[in-house]
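S.K.: sequence and predicted structure, then a few things I'm wondering about:
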Amino acid sequence: MSRRATMQMTKLLVGQTRQRLFSTATSKAVSSGTKFAPNVSGQRFTNHGILGSTPISEGRYWSTVASEVSKEGKTVQPPKVEYSGEDDHQGGGKTVAISSYWGVAPPKISKEDGSPWRWNSFRPWETYTADTSIDVKKHHKADTFMDKFAYWTVQTLKYPTYLFFQRRHICHAMLLETVAAVPGMVGGMLLHAKSLRRFEHSGGWIKALLEEAENERMHLMTFLELSQPQWYERALVFAVQGVFFNAYFVAYVVSPKLAHRIVGYLEEEAVNSYTEFLIDLEKGLVENQPAPAIAIDYWRLSPDATLKDVVTVIRADEAHHRDLNHFASDIQCQGHELKEYPAPIGYH
């Protein structure tokens, strides 16, 4: 078949297909620029008189119209969905116009008292009350060579940070959280890939590790409400995160049980750091200022909560991460796989 015959056949097929999909009224209305408005109600609408009384997804419909009209150089504005919402850094319940591709408006979320929910990074059903009764003095004794290697690795890394930050607890905590949020993400990612490769379940450990990473990130978001890092602190975080992410990735690929043990000892040091933070708060060396709004909502604290309450629940979180990682390392040291034991999920 020649090239000319092929092009003619293609045009014929396209023309027949268009006649089936779009009626003459539709083509004329679009090409002539006639205004026709669907009956929009909620998340879907019914189009009367053009394609028949058929429910069509709003965003899908307008994307089709836009592609047809653009050929003529004309513009048709899609319908906008009005909703009241707030972002993490906005207040006052400003009305924002959102035009969703599928025509689905974001749901209106409110607290138990009826006030609007402020945060887009987490929802009310993701909040929790921290278990502050957890043992914060627990320590895994390093008996084996692997345990001693993990312990002294963490001890070696902690002294430069102590010398750099000294008693600047909030700045120290911000750096600590940028590091502590890495292992859960790396471990969860590698377990996710392993689960896909082997066509097997993970025993909930993927979810547990990703929950840990998200929880550590929320610690950082909380401290950012209290203090902003300087440029040199940001540069330090950039460098430390780049080195630690790749080093931990390699360590987890080579020996997951060693990687989890290192994180277990790292979380022990985090618990100790927050304990020192609390001591200085009690002594009055650090101002016990009101708790940020994001902390009150995330940990379900009382409205009159203070920084001391925030540090207390964060320390409890770190103790939970300590136990989780030591538990994961113990499972593998005994010759088992993580999937054989259910992961301690549901704390966060």
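M.R.: Received the coordinates, thanks. Numbers count the residues shown, from 1 in each chain.
S.K.: shaky segments in the stretch 101-250 of the chain?
M.R.: Low-confidence segments of the stretch 101-250 of the chain, defined by pLDDT under 70: 101-103.
S.K.: mind running it again at 90?
M.R.: 101-126, 157-176, 225-238, 240-241 (pLDDT under 90).
S.K.: which residues sit in contact with residue 308?
M.R.: Neighbouring residues of residue 308 by C-beta atoms under 8 Å, 6 or more residues apart in numbering: 278, 281, 282, 288. No exception for glycine: its C-beta is placed from N, CA and C like everyone else's.
S.K.: now, of those, which are buried?
M.R.: 278, 281 (16 or more other C-beta atoms under 10 Å).
S.K.: max pairwise distance over the contacts of residue 308: which two?
M.R.: 278 and 288 (10.1 Å; C-beta to C-beta).
S.K.: tell me which residue is most central in the protein.
M.R.: The structure's the chain has its C-alpha centroid closest to residue 214; by C-alpha atoms, centre = their mean the separation is 5.9 Å.
S.K.: for it, give its distance to residue 317.
M.R.: Per C-beta to C-beta, to the nearest Å, residue 214 is found 11 Å from residue 317.
S.K.: before we move on, what about residue 131?
M.R.: Taken as C-beta to C-beta, the span from residue 131 to residue 317 is 9 Å.
S.K.: which one of the two has more residues nearby?
M.R.: Counted by other C-beta atoms under 10 Å, residue 131 and residue 317 do not tie: residue 317 has more neighbours, with 27 against 12.
S.K.: where does that one fall, secondary structure wise?
M.R.: Counting by DSSP states H and E, the element that carries residue 317 is helix 307-333.
S.K.: hmm, back to that, just put the contacts of residue 308 in a markdown table and tack on distance to residue 270, secondary structure and pLDDT.
M.R.: Below are the contacts of residue 308 laid out as a markdown table (distance: C-beta to C-beta, whole Å; DSSP: H, G, I helix; E, B strand; the rest coil; pLDDT from 0 to 100):
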| residue | distance to residue 270 | secondary structure | pLDDT |
| --- | --- | --- | --- |
| 278 | 13 | helix | 94 |
| 281 | 16 | helix | 92 |
| 282 | 19 | helix | 92 |
| 288 | 21 | coil | 92 |
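S.K.: picking that back up, report the buried residues of the helix holding residue 317.
M.R.: 307, 309-332.
S.K.: over to stretch 292-300?
M.R.: Those would be 292, 294, 295, 296, 297, 298, 299, for stretch 292-300 by 16+ other C-beta under 10 Å.
S.K.: the fifth one: what's it in contact with?
M.R.: Meaning residue 297. With C-beta under 8 Å, 6+ apart, residue 297 has these contacts: 111, 118, 119, 124, 127.
S.K.: now for the residues you listed: which two are most distant?
M.R.: 118 and 127 (12.2 Å).
S.K.: can you show me the helices along the stretch 101-250 of the chain?
M.R.: For the stretch 101-250 of the chain, the helices defined by DSSP state H, counting those that start in this stretch cover 145-165, 169-198, 205-224, 231-254.
S.K.: so which of those is the most surrounded?
M.R.: Mean neighbour count (mean count of other C-beta atoms under 10 Å) peaks for helix 205-224 among the helices of the stretch 101-250 of the chain, with a mean of 22.
S.K.: which of the three states applies to the residue nearest to residue 333 when sequence neighbours are not counted?
M.R.: Spatial nearest neighbour of residue 333, chain neighbours left out: residue 257 (5.3 Å); criterion: C-beta to C-beta, 6 or more residues apart in numbering. Following DSSP: H, G, I helix; E, B strand; the rest coil, the label given to residue 257 is helix.
S.K.: burial of residue 257, as a residue count?
M.R.: Neighbour number of residue 257 under other C-beta under 10 Å is 19.
S.K.: hmm, back to that, would CSV of the contacts of residue 297 with neighbour count be doable?
M.R.: Listed next are these as CSV, based on neighbours: other C-beta atoms under 10 Å:
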residue, neighbour count
111, 12
118, 18
119, 18
124, 13
127, 16
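S.K.: any chance of those residues in TSV, plus distance to residue 222?
M.R.: Converted to TSV, the contacts of residue 297 look like this (distance: C-beta to C-beta, whole Å):
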residue	distance to residue 222
111	18
118	14
119	12
124	17
127	13
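S.K.: strands - which of these land there?
M.R.: Taking DSSP state E, every one of the contacts of residue 297 sits outside strands.
S.K.: closest to residue 160 among these?
M.R.: Distances from residue 160 to those, taken by C-beta to C-beta, are shortest for residue 119, at 34.5 Å.
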